[in-house]
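K.L.:
need a structure here:
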Amino acid sequence: MGFPGTWMTESESVVYRVVPKCACSTIGQIMYYSDQGAYFDGDIHDAKAGIHKWALDASQPKIEANVKAHKSYAFTCVRNPYTRILSSFFDKICGVQRNGKRYRGNMVPLLIQKYGIEVGGDDGKEEFDQIRSFRRFLLFARDTIRWRRPMDPDIHWSAMSGHISTFIVNGGRYDHIFWTEKFNEGMQTVLDAIPMAHEVALDAVPRFNESEGHGPRRAHPVEDYFDDLSMHLVYEIYKRDFQLFRYDFEDPSNKMPIGEIDLDEVHAKLGD
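P.N.:
Numbering: from 1, shown residues only. Take a look at the predicted model:
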């Protein structure tokens, strides 16, 4: 299976396991800059050179050899499950993507038809009941994850622990896992631990939020989207994420972690 979703600088200074919707665009650009001295012109997900990615055939042997020997510092980044699934809804379901089309072609029409959701019209700009539609989307996300229907789960809303575990199961080990909510602090820990051809000043890094502006703006506080049933569904889907990465399941309004991540526990529980 190898190391899907794994990126590495060309200099092999650092290895990163991408977790979608967890600042991956910003992290990829920082890695790119640390080697190249400039940011990639465009979405870093489109870069085919200047950074190694498992999705690029030529990069695979280099990533595999590095990770299995633990030659370089390896890390990943996580996010509160409540805000992550909300972000996925507004970006991937309600939003029009960079190519001017809906994400995954027929998925949104399927959701409108089978789950009765609204997405704000063709351009995502019309008024609609965001809370009702989000809760219906949550049922869909649960159905994809639990029963793989009406389609397989999407990387943007499948559990973070699932993404993170493939790296461990196939022979990798993380040196650091940090929270999107404490991004500068966590990313600085990584930068302090690796050699860089070009120093990165985190305070000067632009936020490369590729999803910003694609869809409607969130009209309500996070907690308004989650009633008792929604919280139950979220826990069913993301129980391990809450537990391992120390997020507060009881209070959707609290996006901050409530404890420290135990790397040994993560490796033990996700390495089976």
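K.L.:
when you work out contacts or count neighbours from here on, use the C-alpha atoms and nothing else.
P.N.:
Fine.
K.L.:
can you give me the helices in this structure?
P.N.:
Counting by DSSP state H, the chain has these helices, from start to end: 24-36, 60-69, 81-88, 107-115, 130-147, 160-169, 183-193, 228-244, 263-270.
K.L.:
which one of these has the lowest average pLDDT?
P.N.:
Mean pLDDT is lowest for helix 107-115 among the helices of the chain, at a mean of 93.
K.L.:
tell me if I'm right that residue 10 and residue 58 touch.
P.N.:
No: no contact is recorded between residue 10 and residue 58 when judged using CA atoms under 8 Å, the distance being 11.7 Å.
K.L.:
how far off centre is stretch 154-173?
P.N.:
Counting by CA atoms, centre = their mean, to the nearest Å, stretch 154-173 is centred 11 Å from the centre of its parent chain.
K.L.:
for stretch 130-148, same thing?
P.N.:
Distance of stretch 130-148 from its chain centroid, counting by CA atoms, centre = their mean, is 18 Å.
K.L.:
most tightly surrounded among the helices of the chain?
P.N.:
Stretch with highest mean neighbour count among those: helix 24-36 (a mean of 22; mean count of other CA atoms under 10 Å).
K.L.:
can you list the residues that contact it?
P.N.:
7-11, 14, 18, 38-40, 43-45, 50-51, 196-200, 205-210 (CA atoms under 8 Å, 6 or more residues apart in numbering).
K.L.:
for residue 72, what are phi and psi?
P.N.:
phi -120, psi 160 (degrees, to the nearest 10).
K.L.:
got a list of what it touches?
P.N.:
Contacts were defined as CA under 8 Å, 6+ apart; by that measure residue 72 touches 12-15, 66.
K.L.:
buried among the contacts of helix 24-36? Make that a PyMOL selection.
P.N.:
For selection in PyMOL, the members of those meeting the burial criterion (16 or more other CA atoms under 10 Å) are listed in this command:
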select buried, resi 7+8+9+10+14+18+39+40+43+44+50+51+196+200+208+210
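K.L.:
quick one on the thing from earlier: so which of the helices of the chain gets nearest residue 75?
P.N.:
Between residue 75 and those, the tightest spacing by CA to CA is seen for helix 183-193, at 7.6 Å.
K.L.:
tell me the angle that closest one makes with helix 24-36.
P.N.:
Angular relation of helix 183-193 and helix 24-36 on a 0 to 180 degree scale: 30 degrees, by axes from the mean of the first three to the mean of the last three CA atoms, to 10 degrees.
K.L.:
the lengthiest strand in the chain pairs with which strands, parallel or anti?
P.N.:
Among the elements of the chain assigned as strand by DSSP state E, the one spanning the most residues is strand 73-78. Each strand paired with strand 73-78, and its direction, by DSSP bridges: strand 14-17 (parallel), strand 176-179 (parallel).
K.L.:
got a markdown table for those, with mean pLDDT and distance to residue 133 too?
P.N.:
As requested, the strands paired with strand 73-78 are exported to a markdown table (pLDDT from 0 to 100; distance: least, CA to CA, whole Å):
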| stretch | mean pLDDT | distance to residue 133 |
| --- | --- | --- |
| strand 14-17 | 98 | 31 |
| strand 176-179 | 98 | 28 |
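K.L.:
reformat those as TSV; add distance to residue 27.
P.N.:
TSV is the format used below for the strands paired with strand 73-78 (distance: least, CA to CA, whole Å):
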stretch	distance to residue 27
strand 14-17	9
strand 176-179	12
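K.L.:
return the most buried member of those.
P.N.:
strand 14-17 (a mean of 25).
K.L.:
can you list the helices of the chain in JSON lines and add distance to residue 219?
P.N.:
Listed next are the helices of the chain as JSON lines, based on distance: least, CA to CA, whole Å:
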{"stretch": "helix 24-36", "distance to residue 219": "24"}
{"stretch": "helix 60-69", "distance to residue 219": "42"}
{"stretch": "helix 81-88", "distance to residue 219": "12"}
{"stretch": "helix 107-115", "distance to residue 219": "20"}
{"stretch": "helix 130-147", "distance to residue 219": "8"}
{"stretch": "helix 160-169", "distance to residue 219": "26"}
{"stretch": "helix 183-193", "distance to residue 219": "24"}
{"stretch": "helix 228-244", "distance to residue 219": "18"}
{"stretch": "helix 263-270", "distance to residue 219": "35"}
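K.L.:
since that was my last question, I'll sign off now.
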